[in-house]
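In: below is the structure, and that's it, no one-letter string:
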């Protein structure tokens, strides 16, 4: 005979009354499942069997699972709960409890997907009647009713699945018996509006295809009107990201006319009097770069610190001294290194007599990027070392976590120069000793890469063609 929940409960009650162990019970699956009632006492014909509230909650959670394997598992756990193991549910190592936990997770995940990946469409001739179609892995329609009635209770709508459906108006609701097939949608102008909105909110610079497909599996796309746009948006994401970067660069240019500097001396003089962002309100001059006009390696930091702001030179404070110590440790030729910062003014907040560093915002990075672009174009380094996330953002034109950037071997600036990312020395100074030692070793390894002499590959020139 087919098994539904009431039949299972009756059989479980009879099995307990007759002291029938789980191994001697036979179970069948059914497509119609019901849930435990709230009381913590499991009814019986001639006696009562007490069980923990947690067991009833677990039973409610796994009851909609389509596999049917929950029924013998529930009876086996119930048997032990009523035969000397009242704390069995606390034993997460028990294979039956563990498996029921997995079934619970699968049902909850399916319920989450149902609430996230349904779209209501107009159906029939009535423009105010809507329906949504979903193909659940489990029998979760009853569990989803509260969510949809609360969220869309003022509509004349229905949620339809192959097993059956739920239809409601603001005044009543009713079950729609199954099996059902997907209804034909009426042409709905609001779907075009929704697609336009979806496309306009797409940010290609933040696209991670693998993560997107994990959270929104491809099998759900066929029932989502916006999904038809996803392949083309993925295909054009690289181009759109480049366009966004170029647009942000243009918007970052100051509104005042600035003559392009012809030499580093002119550029450094311009940095000192720059008014491209609100950091100039401190009335302190910007801090220019230092280093030769031609250098194989350029090192880009975040911004000047308190001491750099007072002396008007980059990398002369505590973090700068640590950087010089690291460069000396790898015997780097610092006299041939170009030192500069992504942001030219010191951003700080006053606390008593102290000026405490504050991280620059993206607007400051964009405003100062014109100076960095001109610097790198004039100095033309083969390798650009970025110290920290702000420098990475400024050199590449987009944000990238330091850890991810360190692992990348393909990073290039807009001129094609190699970009190497590492930690800012200030991060080493602030870190706990064990973390600081690990970061110091990583930073030394990154700096060594920057100063490695790479052999130029010989270009083979064909001498002729064999006839």
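Out: That came through, no problem. For clarity, every value in this text was computed on a predicted model and none was experimentally measured. Numbering: from 1, shown residues only.
In: who's in contact with the closest residue to residue 387 other than its chain neighbours?
Out: Nearest non-adjacent residue to residue 387, counting by C-beta to C-beta, 6 or more residues apart in numbering: residue 424, 4.3 Å away. Where you see a C-beta, it was placed from the backbone N, CA and C, and this is true even at glycine. By C-beta atoms under 8 Å, 6 or more residues apart in numbering, the residues touching residue 424 are 301, 302, 319, 387, 388, 391.
In: contacts for whichever strand or helix holds residue 307 next, please.
Out: Secondary structure from DSSP states H and E places residue 307 in helix 306-311. Here helix 306-311 makes contact (C-beta under 8 Å, 6+ apart) with 284, 287, 314-318, 320, 345-346, 348, 355, 357.
In: sort out which residues of it are buried, please.
Out: For helix 306-311, a neighbour-count test (16 or more other C-beta atoms under 10 Å) marks 307, 308, 309 as buried.
In: how far away is the first one from residue 287?
Out: By that I understand residue 307. Computed as C-beta to C-beta, to the nearest Å, the residue 307 to residue 287 distance reads 10 Å.
In: one more: residue 169?
Out: 68 Å.
In: which one of these two has more residues nearby?
Out: residue 287 (27 against 13; other C-beta atoms under 10 Å).
In: which element is the nearest residue to that one once chain neighbours are set aside on?
Out: Distances taken as C-beta to C-beta, 6+ apart place residue 304 nearest to residue 287, at 4.0 Å, with adjacent residues excluded. Counting by DSSP H and E, no helix or strand carries residue 304.
In: contact partners for residue 304?
Out: Counting by C-beta under 8 Å, 6+ apart, residue 304 has contacts 287, 314, 341, 343, 344, 345, 346.
In: tell me the one of the residues you listed nearest residue 99?
Out: residue 343 (55.8 Å; C-beta to C-beta).
In: next, the closest one: secondary structure please.
Out: Residue 343 carries the three-state label coil when classified by DSSP: H, G, I helix; E, B strand; the rest coil.
In: next one: phi and psi at it?
Out: Main-chain torsions, residue 343, degrees, to the nearest 10: phi -110, psi 140.
In: double-check it against residue 365; I have them as touching.
Out: Yes - assessed by C-beta atoms under 8 Å, residue 343 is found in contact with residue 365 at 6.2 Å.
In: what about residue 300, which helix or strand?
Out: strand 297-301.
In: please disregard the earlier target; I meant residue 68.
Out: Residue 68 is part of no helix or strand when elements are defined by DSSP H and E.
In: count of neighbours near it?
Out: Residues contacting residue 68 under the criterion other C-beta under 10 Å number 15.
In: hmm, residue 27 and it touching each other?
Out: Yes - under the criterion of C-beta under 8 Å, residue 68 makes contact with residue 27 at 7.2 Å.
In: which parts of the protein are strands?
Out: Ranges of strands within the chain are 41-42, 49-50, 121-122, 129-133, 156-161, 164-168, 173-177, 297-301, 337-341, 348-351, 354-357, 383-387, 418-422, based on DSSP state E.
In: just give me the lowest mean pLDDT stretch among those.
Out: Ranked by mean pLDDT, the strands of the chain bottom out at strand 41-42, with a mean of 46.
In: which one is residue 405 nearest to, not counting chain neighbours?
Out: Residue 405's closest residue in space is residue 421 (C-beta to C-beta, 6+ apart), at 3.5 Å.
In: surely the one you found meets residue 443?
Out: No - using C-beta under 8 Å as the test, residue 421 is too far from residue 443 to be in contact (10.5 Å).
In: show me which of these two is the more surrounded one.
Out: Counted by other C-beta under 10 Å, residue 421 and residue 443 do not tie: residue 421 has more neighbours, with 25 against 22.
In: can you name the residues bridging to that one?
Out: residue 386 (DSSP bridges).
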